[in-house]
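Undergrad: Got a predicted structure here, sequence first:
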Amino acid sequence: MSRWNDDPVLRIEHVTMRFGGLVAVNDLSFNVGRGDITALIGPNGAGKTTVFNCATGFYKPTEGRITMKRRTGEHYLLERMPDFKISAEAGVARTFQNIRLFGGMTLLENLMVAQHNPLMVASNYTIGGLLGLGGFRKAEAGAVDRAKYWLERTNLIDRADAPAADLPYGDQRRLEIARAMCTMPELLCLDEPAAGLNPRESAELNTLLHYIRDEHDTSVLLIEHDMSVVMEISDHVVVLDYGEKISDGTPDEVKNDPKVIAAYLGVADDEVDQVEEEVGL
């Protein structure tokens, strides 16, 4: 049995998602191992983002169960929770394929907004903040320290007071990850984090994700089209094609799977050898 089945942080069990007559995801099951970087890959339209939307509460699956297990041993059935509770209670954070920063806010303000929920609790829902009570001041100082920490880790601290919209594209990507980490997640879901990055920025992303996994004990589930990123940083790869899982294993196992090669080349399984020979693979 693979290690990601020994102590999974996330279980996707027999999940199906239908949009009218369209089956976007069909009877999908896989685990995200605790402490693993798991990549969800597949051709365009394979259903990857639909899986993310189900796991993070944006969609409710038509069928199936999605379970998050926290370090405390608590289990959360994510398909039954609203999206804001999945982040606040179940410990799941995500970024988006299309960057969704608050462009008019500074970098620091973006990271403070991510900590809004615990700050509201600490302020007794505004009255403690208005009166400057000690509990709120302590929580606020802690939130600022956390924001500064992640700005330093993402090499953005020098621009803490700049508007987020003024950042270059690669820096905006890192800021989104920093904002997600300010919620102190146990599972970080990244939708195409390397999209649009140059090779240097991709290498910096790899280093950052390993740091998040190794130093903060945060498991990572990512969708990615850049196979060099996937093969370099992933412990576990799950491959979708037309909403169904066609492969599930280590990077080496997956990249040598004829079904995966066929899906990416767009040919039938029995034609793989011929096409590989023709294109020189």
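TA: Yep, that arrived.
Undergrad: need the contact list for the spatially most central residue of the chain.
TA: Central residue of the chain (C-alpha atoms, centre = their mean): C189, 1.2 Å from the mean position. C189 sits next to F52, A55, T56, V92, A93, R94, T95, V220, L221, L222 when contact means C-beta atoms under 8 Å, 6 or more residues apart in numbering. For every residue, glycine as well, the C-beta is placed using N, CA and C.
Undergrad: Looking at these, which is nearest L28?
TA: A55 (10.8 Å; C-beta to C-beta).
Undergrad: wait, L209 sits on I37?
TA: Yes. Contact criterion C-beta atoms under 8 Å: L209 and I37 qualify, at 6.2 Å.
Undergrad: got any residues that touch both of the two?
TA: Each of V220, L222, I233 lies in contact with both L209 and I37 under the rule C-beta under 8 Å, 6+ apart.
Undergrad: Ranking by neighbours, what's the top pick from the contacts of C189?
TA: Neighbour counts for the contacts of C189 (other C-beta atoms under 10 Å) peak at V92, which has 30 neighbours.
Undergrad: Give me the distance between that one and S202.
TA: 25 Å (C-beta to C-beta, to the nearest Å).
Undergrad: Quick one: the helices in this protein, in order.
TA: 48-55, 83-88, 107-113, 116-122, 127-131, 134-153, 169-181, 199-216, 227-233, 251-255, 258-265, 272-279 (DSSP state H).
Undergrad: nearest to D171, of the contacts of C189?
TA: Closest to D171, out of all of the contacts of C189 and judged by C-beta to C-beta, is T95, at 13.7 Å.
Undergrad: pLDDT value on the closest residue to that closest one other than its chain neighbours, please?
TA: Nearest non-adjacent residue to T95, counting by C-beta to C-beta, 6 or more residues apart in numbering: E176, 4.4 Å away. Here the pLDDT value assigned to E176 is 94.
Undergrad: what sits against L190?
TA: R94, T95, I177, L209, V220, L221, L222, I223, E224.
Undergrad: Run through the bridge partners of it.
TA: L222 (DSSP bridges).
Undergrad: What's the separation between V230 and K245?
TA: 16 Å.
Undergrad: For P185, list the residues it contacts.
TA: S87, G91, V92, A93, T218.
Undergrad: Spit out the contact partners of the fourth one.
TA: The one in question is A93. S87, A180, M181, T183, P185, L187, L188, C189.
Undergrad: Now do the domain split for this protein, please.
TA: Following automatic domain parsing, one gets these domains for the chain: 1-91+186-281, 101-184.
Undergrad: that older thread, strands - which of the contacts of P185 land there?
TA: Judged by DSSP state E, strands contain the following of these: V92, A93.
Undergrad: From the contacts of P185, pick the one nearest R3.
TA: For those, the nearest to R3 is T218 (17.2 Å; C-beta to C-beta).
Undergrad: Counting neighbours, what do you get for L156?
TA: Count around L156 with other C-beta under 10 Å applied: 21.
Undergrad: Okay, it and E204: tell me how far apart.
TA: The gap separating L156 from E204 is 12 Å, by C-beta to C-beta.
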